[in-house]
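Asker: Fold the following for me, if possible:
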Amino acid sequence: MRTVTTLSALLACAAAAAAGSPARADPAPPRYDLRVELDLPGAAIEVTGTLALAADLVESGGLELSLSELADSLTVELVEPAANAGPVRLSSRLRPYARPGWGTVTWRIEPATPLTPAAPVRLRFSYRLPVGDRTGFIFAVRPEAAFAGGIATAWYPQIEEPTTETDGRLRGRRGVGVVSFGAPPGVLVHASGRNAETRDPGRQVFRADSPVFFSFAAGRYGRTGSAGAIPSSLLLLHDRPGARSYLERASRILAVLAGEFGDYPFSHFAVAEVPAELAGRAGFAGASLDGFLLATDEFLDQPFNTAYFGHEIGHQWWGNLVRPLGREGRWMLSEGMAQYGSLMAVRGIEGDEAAERYRRDGYPGYISHEVPMGGMGYLMLSAAGLDAPLADLPAEGALPRLLVNTKGFLVWDMLARAVGRAELREALRGVVRRHANGRIRWTEFRAALERELGRELGWFWSPWMEGTGAPDFRLEGTPDLRREARALVPYTRAYVQLSDGKEDEALAGATSALAGKDGALDPGTPAEFMLRYLIGQIHAAKGRWPEAIAAYRRALAVKTKRPATVPWVSVSLAFAALEAGDRKTFAEAVAATRAAAAAVPGGDSALAIVEAAARRKLKP
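Answerer: Next up, the predicted model:
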């Protein structure tokens, strides 16, 4: 199965005045006029355009642009000031990312004569993005679909904040302007901003009058629209019944989270489908961009998942509208707060009982079959010795995301219980109002909360944000959960290694645990079941389909299993059989999924995924 086990942490930036500091005028945003030619069959993009910059965005003597390392053939000429007009010399340096191809190139623009002091600049540029099979962070172009998140990858030239990240991370500024798309016949584009009139019927044009990170999705979409307080659209690559109901439920989440965090910051909302396999290679299972979401086909095949959409919609405020500055607290202010929004969506729409189940065991169908996104998941990580202070998590890797998506959002919920849910709601809305479209440091965020709440928070911050463990962690059935977590330690360690792309290390650890080399492992237990499931995932990740099928079969033969995971092992077996061309095993796995799905909450999600695969891939 291709389900991605981590959700996106969208990274971008724009300057913001610190709370309580003297007011200052931010620079006028960069203004773009982009003309984009989408060649989906050729997996490439060609871009031409102009960029206008206010004088205070221009350095003395020159300026810098940032562009994805996937781009080539960049040419730039100055149009204004007139005294500097003409071609320029370009020099560059690559800031590589942890993943090959995801880095950012900083281009230094050096005119023949020094730029006129205190003068605005306009330049003209062109380049090509021959993407092919490569991806960037939330960026891919393939015949079946294309998408680009300007908040994560500089697919268009961006001006960055004065201090760029040496690890390839993008810290661009939002811009305004117009983007015009040319696309193959039948390909629909959805982009940040609003649809604009055009005299050219062959182009799709979008205008952003308020600052955005320009982003888009393109494919052979069918569109379902819904009018309301916030007009919404659902763009699907595959027909599905109940599309309008999906939109209505997403709109309810928007309303709930607007109550928690402040008014929705855009005039329109959309969800665009993308292939799960392609999204996984681009680093996400769901991505929140300015005014719309990218959702994978696997999640759209399932019954509506309130937790998944609550998390991604929560990023419209946290991680997008308000962005962390600096490493300290970054994960808690983006992923952790979006996950808290997910919990509030479940509580507001499905009630307190559903929210309590979420806090304890994760939400059915929302990655709860691997490491549950709830208290049980954190107990598993803690028992395995995989812990770190929430305010000082590692910059990269699966562990920080897992910690904030299991413990972090529960800590925000505990703060709400401690200070009053209504009081925290108003405080968060106040922070969003004052820091919209900007960045905030962790220390500034705490100070802002304390001002809004009218009370000091050190008594809470010290044990929960700056320490490890769970000093006062109470969930229904916690002693039993802790015992189960301890039994699953070998699986949890191997799972985190696999999530970090360390397949060989994860396989060695899982195999060693099954052989009893690292201590007693009772056979026929959920620990053995989960380890054999994990081994199947490792073989599948390497394309070793017969070995994956064998591992999944061994997992399903274990006497005592983890019930919530059983349907997903059957789904994984079905996908491995599809890849191996084994229709008999696929049919058996579908039947097994159907039987297991009826027995556990969230099983209908597993069944929906495998039945959708059967419809699409086993056509006569």
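Asker: Tell me the strands beside the helix or strand containing Leu235, with direction?
Answerer: For Leu235, the host element (DSSP states H and E) is strand 232-236. Take DSSP bridges as the rule and strand 232-236 pairs in its sheet with strand 222-226 (antiparallel), strand 269-274 (parallel).
Asker: Other residues contacting that strand?
Answerer: 188, 190, 217, 219, 221-226, 243-244, 246-247, 250-251, 268-273, 300 (Cβ atoms under 8 Å, 6 or more residues apart in numbering). Glycine gets a C-beta too; all of them are placed from N, C-alpha and C.
Asker: Same question for stretch 91-108.
Answerer: 62, 64-71, 74, 76, 90, 110, 134-137, 153-154, 157, 160, 164-170, 283, 396.
Asker: Determine the number of other residues adjacent to Ser267.
Answerer: 11 (other Cβ atoms under 10 Å).
Asker: I figured it hits Ala229, correct?
Answerer: No: the criterion here is Cβ atoms under 8 Å, and Ser267 misses it with Ala229 at 10.6 Å.
Asker: how about the strands in the stretch 51-200 of the chain?
Answerer: 63-68, 72-80, 86-87, 89-95, 104-110, 121-129, 139-142, 145-149, 175-182, 188-191, 194-195 (DSSP state E, counting those that start in this stretch).
Asker: Repeat that for the stretch 401-550 of the chain.
Answerer: Counting by DSSP E, counting those that start in this stretch, the strands of the stretch 401-550 of the chain are 438-441.
Asker: where does it dip in pLDDT?
Answerer: Within the stretch 401-550 of the chain, the ranges that satisfy pLDDT under 70 run 471-478, 517-520.
Asker: and with 80 instead?
Answerer: By pLDDT under 80, the low-scoring segments of the stretch 401-550 of the chain are 470-480, 517-521.
Asker: circling back: can you dump the C-alpha atoms of the strand holding Leu235 in CSV for me?
Answerer: Presented in CSV, the C-alpha positions along strand 232-236 are these (Å, rounded to 0.1, in the frame of the first residue of the first chain):
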residue,chain,number,x,y,z
SER,A,232,-15.9,25.9,-2.4
SER,A,233,-14.8,23.6,-5.1
LEU,A,234,-13.8,19.9,-5.3
LEU,A,235,-11.6,18.9,-8.2
LEU,A,236,-11.5,15.2,-8.9
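Asker: next one: it to chain centre, how far?
Answerer: 19 Å (Cα atoms, centre = their mean, to the nearest Å).
Asker: What's the mean pLDDT across it?
Answerer: Averaged over strand 232-236, pLDDT sits at 94.
Asker: mind listing what's buried in that strand?
Answerer: Ser232, Ser233, Leu234, Leu235, Leu236 (16 or more other Cβ atoms under 10 Å).
Asker: likewise stretch 152-170?
Answerer: 152-160, 164-165, 168-170.
Asker: May I ask which two of these are separated the most?
Answerer: Put simply, by Cβ to Cβ the two of the buried residues of stretch 152-170 set farthest apart are Tyr156 and Glu165, 18.4 Å from each other.
Asker: hmm, back to that, out of the buried residues of strand 232-236, who's nearest Gly430?
Answerer: Using Cβ to Cβ, the buried residues of strand 232-236 come closest to Gly430 at Ser232, 27.1 Å.
Asker: what's the spacing between the closest one and Arg562?
Answerer: The spacing between Ser232 and Arg562, counted by Cβ to Cβ, to the nearest Å, is 37 Å.
Asker: Okay, now the unreliable bits of the stretch 251-400 of the chain?
Answerer: 367-368.
Asker: For the helix ranked longest in the chain, which helices and strands make contact with it?
Answerer: The single longest helix within the chain, with elements called by DSSP state H, is helix 243-261. Judged by 3 or more Cβ pairs under 8 Å, 6 or more residues apart in numbering; DSSP states H and E, helix 243-261 is in contact with strand 222-226, strand 232-236, strand 269-274, helix 306-314, helix 337-350, helix 421-435.
Asker: So which of these is nearest Gly469?
Answerer: So among these, helix 337-350 is nearest, using Cβ to Cβ, at 19.4 Å.
Asker: Now find how far off-centre the next helix or strand after the closest one is within its chain.
Answerer: Note on helix 337-350: by DSSP H and E, the next helix or strand toward the C-terminus is helix 352-361. Chain-centre distance of helix 352-361: 23 Å, with Cα atoms, centre = their mean.
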